[in-house]
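[1] how would this look folded up:
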Amino acid sequence: MYQFLYTCCRLSFGAGAALLLVLTVAAAQDSRELPALSVVGQTGADLEERELQETLERVPGGTNLINLEDFRGSQMSVARVLNSEPGIIVQEFFGGNDQPRVNIRGSGIQDNPVSRGIQLLYDGLPLNQADGSFIIGLLDPEQARFISVYRGANAMRYGATTLGGAIDFGLRTARNTPESSLRLEAGSFGLRRTGLVLSQLQDDWDIYLQTAVTSADGWRDHSEAQRSSLALNIGWRSDVLENRTYLNWAENAFDIPFLLSKSRALSHPRSVLGDQNTNFDLFMNIRNREPHRDTQQLRLANKTIWHGYSTTHSLGIYGEKIDDEFKNPVVQANTEATNIGLDWGSEYRHDHGTWRTSELMVFASANRGSMPRDHFSVAPTDGRLLERFASVDQDAANLVLGGQLLTDLAPSWRGLVALQYARNTRDISDRLNPGVLDSDFRYQAFNPKAGLIFIPDDFRRYYANISRSSEAPTFWQLAVSAPNPNAPLNSYLEIADLKMQTATTLEIGTQQRGARFGWEASWYYSEVKNELIAEVRDFAIDGTTVNYNHPTIHQGVEFGFNARTPSGLWRADDHLSFRAIYNWSDFRFDGGRYDGKRVAGIPEHLLFGEAGYWFHPALFISLNVRHQPSDTFVDHSNAGLKQDAYTLWGAKLTWSPRPWLDLFVDAQNITGETYQTAYVIRGFSPDDPNVPTFIPGPDFHLSAGMTARW
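    Model (predicted):
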């Protein structure tokens, strides 16, 4: 661990110092004066938000920008922050800091839990491990000030070759969050959270430290969870140079209550297998087997940006070490991952005169990592680990090169052309039986994109694009454990010969923003080839991944709406606000054994709405609803079990009685609806309806918190 940290420090600070030296020399050679930047009445956060918004408006496709300061209520989990955004569908697993299923346009929906299909980033630097997988429970949204979402192939700049795109967490710094603070939160099911922020801005330097501890007893039995995290970043800037170093540490541990049958999920949703005397309870006793996940992460990164007269250059380097212990009821996988990566980008802007400008961007990213993994069988009687049945070295490397040109075609029209090259390698070496499981996989793809933007005025934007994306499989798909619950000592590891998943997507959409009214809508149509499809069998822990041998069609609509009334309805400064989200997801198989059937895992329709009343700028109360109007098949054959339709009501209250103090109360499922929040995705539903398949959603619960700033 210490050697890893020392090596990362040397690489990180060395790269930053080298770039600072090179760019300082370059800056000295550029004698032209940079244009003055007006900051009158604008904070660092205001400028950062404006820059992010302008960046997203140059994308001819669907994007999201979330300002966490505007987010009302608890921000303790990724699910809380992302589940009311157009184009993003979140299915919680156990309701805490675990592993919610986050989906964009059908990305990675086959995995249980989802661990691929989206590129996660901190300030533009990847968080995914070298094989493309991620552990979403390590993320603490309270460390972020802004979240930028590039849906689908719109994430090309950030090296995202995934179907879902990229989610970039713009971290808090002393420049966008200059105040120190203490945050306390408590709630149902034993929820407790304490967070402390120390922020200091001094001339050209700034330092930001955030630490938090969260624990919960959980909604169901055997669902205790706790997470501890620390985030430190130190920045320095001059007129032309910015450099920032990041240190992140996190430990996330939670028990896994596992699945229930449909009837048990409805009648005894808080129970676990082992509480009754059915065959499945006796065989898959969760209290005896004790499934859980315990992950530690240490990450160090450095990023340098140079602003020239008409150019911007950036160089980032990062390294991380992750220890992951993941135990399901019959198999435990222990992984020690070490990843290191580099990201570079340059932008050049040229004014042709009058209305015409061109912006050229070139970028490159490279990373590699080692992920040795040991697989153990689990004793059914007491959960102890039996013999190690597989041990493999897993090495991954990736290279992404690309460029794009955005240019004005007419006073209100902009065109974009881009090309991305991706090369991925996945190498597996058998340590127990050298040569038996050894496998080498090589993938490469060229991903072009063309887009058009029409901006008739400052309030409206229309766009269209056609693009290609690619996604290489992760080691979780390539090296799959084949457990034998009846004879655990006969478990083994098998290698799946998988191809790269590719997609061609057509997208059109529009945005309109105003002082009291705004909306956005995107329609996309993707033809996916060699889609990575997981087919889980009876016990819900014995799935395999295959490339579907016919195309799959992913099409949908992502719609968002917001509005507010004029002030002064009943008081001098009160007003009403409204928000609505609608996601339509129509994913189908086009040929093959599931021809014409829906791809299981995503509801066809999902709606969210919120109506709020501002008594004055410091006091806000709202009522919200999340509605899944139709039952959803859990199997690709569309002939068996279904997740029930549901309607969940919630309410929020936020109050700032003093400029330095914020209070909130956040209530969810206030009607106590019985529903299934998620489920395991199968090829065909089992004949026995008692097979565990569903995850029950939590009953009525609330949380309350305060933030004191100084």
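[2] for the rest of this, base every contact and every neighbour count on C-alpha atoms.
    OK.
[3] how about the helices in the stretch 251-400 of the chain?
    For the stretch 251-400 of the chain, helices defined by DSSP state H, counting those that start in this stretch occupy the ranges 262-267, 279-283, 286-289.
[4] kindly report the same for the stretch 1-150 of the chain.
    Counting by DSSP H, counting those that start in this stretch, the stretch 1-150 of the chain has helices at residues 2-29, 44-57, 78-82.
[5] kindly list the longest strand within this protein.
    In terms of residue count, the longest strand belonging to the chain (DSSP state E) is strand 385-410.
[6] now for that strand, which elements pack on it?
    Applying 3 or more Cα pairs under 8 Å, 6 or more residues apart in numbering; DSSP states H and E, one finds that strand 385-410 contacts strand 356-370, strand 373-378, strand 413-430, strand 492-495.
[7] give me whichever of those strands is most buried.
    Neighbour counts (mean count of other Cα atoms under 10 Å) averaged over each of the helices and strands packed on strand 385-410 peak at strand 373-378, with a mean of 24.
[8] contacts for that strand, please.
    The contact list for strand 373-378 (Cα atoms under 8 Å, 6 or more residues apart in numbering) reads 289, 329-336, 384-394, 481, 483, 488-489, 491.
[9] swap in stretch 604-621?
    84, 571, 573-586, 622-630, 632, 651-657.
[10] and that stretch, what's buried?
    By neighbour count with 16 or more other Cα atoms under 10 Å, stretch 604-621 contains the buried residues 604-615, 619-621.
[11] show me where the stretch 451-600 of the chain has strands.
    Using DSSP state E, counting those that start in this stretch, the strands of the stretch 451-600 of the chain run over 460-471, 479-482, 492-495, 501-513, 517-529, 532-535, 544-547, 552-564, 575-589.
[12] of all the helices and strands packed on strand 385-410, which lies closest to residue 645?
    strand 373-378 (35.7 Å; Cα to Cα).
[13] walk me through which strands the closest one pairs with, and which way each runs.
    If you go by DSSP bridges, strand 373-378 pairs up with strand 331-353 (antiparallel), strand 385-410 (antiparallel).
[14] residue 345 touches residue 363, doesn't it?
    Yes: counting by Cα atoms under 8 Å, residue 345 does reach residue 363; the two are 4.2 Å apart.
[15] so who does residue 53 touch?
    residue 65.
[16] rewinding a little: can you flag the buried ones in the contacts of stretch 604-621?
    84, 574-586, 622-628, 632, 651-656.
[17] who's in contact with residue 292?
    253, 254, 255, 256, 326, 327, 328.
[18] now stretch 373-392: buried residues?
    Neighbour-count burial for stretch 373-392 [16+ other Cα under 10 Å]: 373-380, 383, 385-386, 388-392.
[19] who's residue 582 bridged to?
    The partner residues for residue 582, given DSSP bridges, come to residue 559, residue 607.
[20] quick one, what contacts it?
    Residue 582 sits next to 86, 557, 558, 559, 560, 605, 606, 607, 608 when contact means Cα under 8 Å, 6+ apart.
[21] nearest to residue 175, out of the strands of the stretch 451-600 of the chain?
    Taking the strands of the stretch 451-600 of the chain one by one with Cα to Cα, strand 501-513 is closest: 27.1 Å.
[22] from the contact counts, what lies against the closest one?
    Identification of packing neighbours for strand 501-513 by 3+ Cα pairs under 8 Å, 6+ apart yields strand 460-471, strand 517-529.
[23] now do the last one against strand 575-589, angle only.
    Put plainly, it is strand 517-529. Here strand 517-529 points in a direction 10 degrees away from that of strand 575-589 (axes from the mean of the first three to the mean of the last three Cα atoms, to 10 degrees).
[24] and strand 517-529 with strand 501-513, angle?
    Using the same axes, to 10 degrees: strand 517-529 against strand 501-513 is 170 degrees.
[25] and strand 517-529, how far from the chain's centre?
    On the basis of Cα atoms, centre = their mean, to the nearest Å, strand 517-529 sits 19 Å off its chain's mean C-alpha point.
[26] if we go by neighbour counts, what in it is buried?
    Quick answer for strand 517-529 (16+ other Cα under 10 Å): 518, 519, 520, 521, 522, 523, 524, 525, 526, 527, 528, 529.
[27] can I get those in CSV with pLDDT and distance to residue 308?
    Below are these laid out as CSV (pLDDT from 0 to 100; distance: Cα to Cα, whole Å):
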residue, pLDDT, distance to residue 308
518, 93, 35
519, 94, 36
520, 96, 34
521, 97, 36
522, 97, 35
523, 97, 38
524, 97, 37
525, 97, 39
526, 96, 39
527, 97, 41
528, 96, 41
529, 96, 42
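[28] how about low-confidence regions in the stretch 401-550 of the chain?
    538-539, 542 (pLDDT under 70).
[29] again, but for the chain
    For the chain, the stretches with pLDDT under 70 are 1-42, 95-97, 112, 159, 538-539, 542.
[30] how does it look with 50?
    1-41 (pLDDT under 50).
[31] ok, and the closest non-adjacent residue to residue 675?
    Leaving out its chain neighbours, the residue that sits closest to residue 675 by Cα to Cα, 6 or more residues apart in numbering is residue 697, at 5.5 Å.
[32] any idea how far the one you found lies from residue 93?
    8 Å (Cα to Cα, to the nearest Å).
[33] which stretches in the stretch 601-710 of the chain count as strands?
    Here the stretch 601-710 of the chain has its strands, by DSSP E, counting those that start in this stretch, at 605-616, 619-628, 632-633, 642-643, 646-658, 661-668, 676-679, 694-696, 701-709.
[34] good, wrapping up.
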